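Novice: just coords:
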């Protein structure tokens, strides 16, 4: 055997001995040890143990600890900010709106309930069926309704708008939202065009004041005459009246406060989206309406003048909503409350304390029954559930009056006053038999 082989065997033997010695050193004596509390127990704690009083301050003072504290404070601040400025206001607003409909005994309608309707004309007028798109004699849906915002004596712009919408008196019907006179250069000319086209216009605050001025000429005494004569605008009103003929004043007197247009028989299926087909009943007024109050009880003054409502008592006001509280209540744009209410009705959400069928009279119910669509008639025949008949239905309001806000198109309200007489636009909303709408505007000169 060579020396190199012997050396290799010796190395293997020594390596084996070393491994054996390591194994022999291992013992299980720890299994027989008894553990107890002693003065060194704190030394066995890890850095993540809460009882480690020496390491916690070091962790908090470290850069990582400071970052963790900063992140925690920022998270808490974000929660407080979100709650105070985003979550809580919405909850409070919803609560006030719900209470406004539930607590009717506390004054859902805080001012006059169904004020006196003056100066002739009917308070509520129904659109004749022969003018309804898709109604009687219009099986192919060729008719259209053309709604136009505040004209204010701008005859030239009215004619331009009618040309822009390709108005055809054989198939189209013009509906004005009031304030067709005053301020502009040719109020009598506007009335002549409306009379010529057999147009329908609801009464605005300017028409109402002109009628009051006209009546005061023949009244020797009385509160109505005294109020008119004290008005700062009485002189301008009397000057305007001199340009009117009997046919003009007669047309003004025939203007209703509210125009009701039934649901279109051929309308497409509606949705909750803003651009949904208009498949519900349409109410045309000059300024606004208080939700959940029957049309007969709506106060004429506020129908022609309102711009805002309180969220809880639903008290109307002719002033714009500022967000500030007045007499303990916050005024909001009336359209916000109307849209909130109509959306809840559309989605089938119940609010206890609501009226039934929107406060309709029997005659109104029969009129709507006669204009029910084919699908609705079939469904009505198949079901006799009373709550279906009594449940209030959402309604769409088309209005003018608020040029400060301008064109405002929401799901359940359509505001068309875009400030024509002040150099803005004259706007029309064209409605076809399918319930689809098109907005058309023309630029106006500045007259006021």
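Specialist: Arrived safely. Bear in mind the structure is a predicted one, so any value in this text is a computation, not a measurement.
Novice: quick one: residue 446 and residue 173, what's the gap?
Specialist: Residue 446 sits at a distance of 30 Å from residue 173 (criterion: CB to CB, to the nearest Å). Placement of C-beta: from N, CA and C, glycine included.
Novice: excluding its backbone neighbours, what's nearest residue 341?
Specialist: Closest residue in space to residue 341, ignoring its immediate chain neighbours: residue 291 at 4.2 Å, by CB to CB, 6 or more residues apart in numbering.
Novice: that's a helix at residue 133, yeah?
Specialist: No. Following the definition DSSP: H, G, I helix; E, B strand; the rest coil, residue 133 is coil and is not counted among the residues of a helix.
Novice: I figured it hits residue 433, correct?
Specialist: Yes. Between residue 133 and residue 433 there is a contact under CB atoms under 8 Å: 3.8 Å.
Novice: more crowded one of residue 446 and residue 173?
Specialist: Comparing residue 446 with residue 173 by other CB atoms under 10 Å, the one with more neighbours is residue 173, at 23 against 10.
Novice: The more buried one contacts residue 148, correct?
Specialist: No. Using CB under 8 Å, residue 173 makes no contact with residue 148, being 11.4 Å away.
Novice: any common contacting residues for residue 133 and residue 433?
Specialist: When contacts are counted by CB atoms under 8 Å, 6 or more residues apart in numbering, residue 133 and residue 433 have 141, 142, 143, 144, 264, 266 as shared neighbours.
Novice: between these, which is closest to residue 329?
Specialist: Within the shared contacts of residue 133 and residue 433, distances to residue 329 taken as CB to CB reach their minimum at residue 264, with 37.7 Å.
Novice: That closest one: how many residues sit nearby?
Specialist: Residue 264 is surrounded by 27 other residues when neighbours are defined as other CB under 10 Å.
Novice: any idea which element it lies in?
Specialist: If you go by DSSP states H and E, residue 264 is not part of any helix or strand.
Novice: Residue 344 versus residue 391, what's the distance?
Specialist: Distance of residue 391 to residue 344, given as CB to CB: 12 Å.
Novice: Of those two, which one has the most company?
Specialist: Neighbours around residue 391 and residue 344, counted as other CB under 10 Å, are more numerous at residue 344. The numbers are 19 against 15.
Novice: gap between that one and residue 394?
Specialist: Between residue 344 and residue 394 the computed distance is 8 Å (CB to CB).
Novice: do the same with residue 348
Specialist: In this structure, residue 348 and residue 394 are 10 Å apart, going by CB to CB.
Novice: Find residues that contact each of those two.
Specialist: If you check residue 348 and residue 394 against CB under 8 Å, 6+ apart, no residue is contacted by both.
Novice: Those two: which is more packed in?
Specialist: residue 394 (20 against 7).
Novice: Next up, the contacts around that one.
Specialist: With CB under 8 Å, 6+ apart, residue 394 has these contacts: 280, 341, 342, 343, 345, 346, 412.
Novice: and what of residue 337?
Specialist: Contact partners of residue 337, counting by CB under 8 Å, 6+ apart, are 97, 100, 291, 309, 311, 314.
Novice: Excluding residues flanking it in the chain, which one is nearest residue 149?
Specialist: residue 416 (3.3 Å).
Novice: That neighbour and residue 429 touch, don't they?
Specialist: Yes. Taking contacts as CB under 8 Å, residue 416 lies within contact range of residue 429: 6.0 Å.
Novice: who's more crowded, the two?
Specialist: More neighbours surround residue 416 than the other of residue 416 and residue 429, with 26 against 23 (other CB under 10 Å).
Novice: Bridge partners for the nearest residue to residue 200 once chain neighbours are set aside, pull those for me.
Specialist: For residue 200, the nearest residue in space outside its immediate sequence neighbours is residue 175; the separation is 5.1 Å by CB to CB, 6+ apart. In this structure, residue 175 bridges to residue 147, residue 200 when assessed by DSSP bridges.
Novice: Quick check, residue 175 in contact with residue 144.
Specialist: No. Using CB under 8 Å, residue 175 is not in contact with residue 144, being 10.6 Å away.
Novice: Please identify which of the two sits among more neighbours.
Specialist: Neighbours were tallied for residue 175 and for residue 144 using other CB under 10 Å; the higher tally belongs to residue 175 (22 against 19).
Novice: For the more buried one, give me its contacts.
Specialist: Residues near residue 175 by CB under 8 Å, 6+ apart: 145, 146, 147, 148, 199, 200, 201, 259, 284, 398.
Novice: and the last one, that one's in a helix?
Specialist: Right, residue 398. No. Assignment of residue 398 by three-state DSSP gives strand, placing it outside any helix.
Novice: Touching, it and residue 287? I think so.
Specialist: No. Using CB under 8 Å, residue 398 is not in contact with residue 287, being 11.7 Å away.
Novice: and residue 80, how many neighbours does it have?
Specialist: Other residues within reach of residue 80 by the criterion other CB under 10 Å amount to 10.
Novice: next one: residue 75
Specialist: Neighbours around residue 75, by other CB under 10 Å: 10.
Novice: Which strands or helices does whichever strand or helix holds it pack on?
Specialist: For residue 75, the element it lies in under DSSP H and E is helix 63-82. Here helix 63-82 touches helix 55-61, going by 3 or more CB pairs under 8 Å, 6 or more residues apart in numbering; DSSP states H and E.
Novice: So for the helix it packs on, mean pLDDT?
Specialist: Regarding helix 55-61, the rounded mean pLDDT is 64.
Novice: Repeat that for stretch 340-347.
Specialist: Averaging pLDDT along stretch 340-347 yields 92.
Novice: just stretch 162-173 next, same as before
Specialist: Averaged over stretch 162-173, pLDDT sits at 98.
Novice: That one: which residues count as buried?
Specialist: Buried residues in stretch 162-173, defined by neighbour count with 16 or more other CB atoms under 10 Å: 162, 165, 167, 172, 173.
Novice: Check for me that the last one belongs to a strand.
Specialist: Yes. In this structure, residue 173 lies within a strand as judged by three-state DSSP.
Novice: so residue 178 touches residue 151, yeah?
Specialist: No. Between residue 178 and residue 151 there is no contact under CB under 8 Å: 9.2 Å.
Novice: Comparing those two, which residue is more hemmed in?
Specialist: Taking neighbours as other CB under 10 Å, residue 178 and residue 151 compare with residue 151 leading, 33 against 29.
Novice: wait, isn't the more buried one in contact with residue 158?
Specialist: Yes. Under the criterion of CB under 8 Å, residue 151 makes contact with residue 158 at 5.5 Å.
Novice: Thanks again, I'm all set now.
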